[in-house]
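> here are the coordinates; sequence isn't available:
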C-alpha cells in the first residue's frame with residue numbers, strides 16, 4: 001500500500017483483463033496496483049454521486065490527523 005494508514009483487506013472478484021490492465025498501469029506509472037484500484041473506485045463513487053467533495057475532504061483530514069499530520073498520507077489518500 002502506498003499510505004501509512006492500514007486498510008482492511010476485502011475480497012473482490014476482478015476480471016483478469018482489468019487486473020492485468022491495472023498491473024500494466026502500475027508498472028508504467030511507478031505506482032502500485034492497489035492504489036490505482038482504490039483511486040478508480042473512489043472516482044466511480046464520486047462521479048455517480050455517492051461521495052461528495054466535502055465528505056472526501058473530511059475523510060482526508062481525519063486520516064491526516066490520525067497519521068500525525070503527515071502530508072504524504074493526505075496526498076496518497078483519496
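Received the coordinates, thanks. Here the structure is a predicted model, which means the values were calculated and not measured.
> all helices of the protein, in order?
Counting by DSSP state H, the chain has helices at residues 16-29, 33-47, 53-66, 71-76.
> What average pLDDT does the second one get?
Taken as a whole, helix 33-47 has an average pLDDT of 95.
> swap in the third one?
Averaging pLDDT along helix 53-66 gives 64.
> Next: the last one.
When the per-residue pLDDT values of helix 71-76 are averaged, the result is 45.
> likewise stretch 11-30?
The model assigns stretch 11-30 a mean pLDDT of 97.
> Buried residues in stretch 31-49, which are they?
For stretch 31-49, burial by neighbour count (16 or more other Cβ atoms under 10 Å) applies to 33, 35-38. Every residue, glycine included, has its C-beta placed from N, CA and C.
> distance of residue 50 from residue 26?
Here the criterion is Cβ to Cβ, to the nearest Å. By it, residue 50 lies 25 Å from residue 26.
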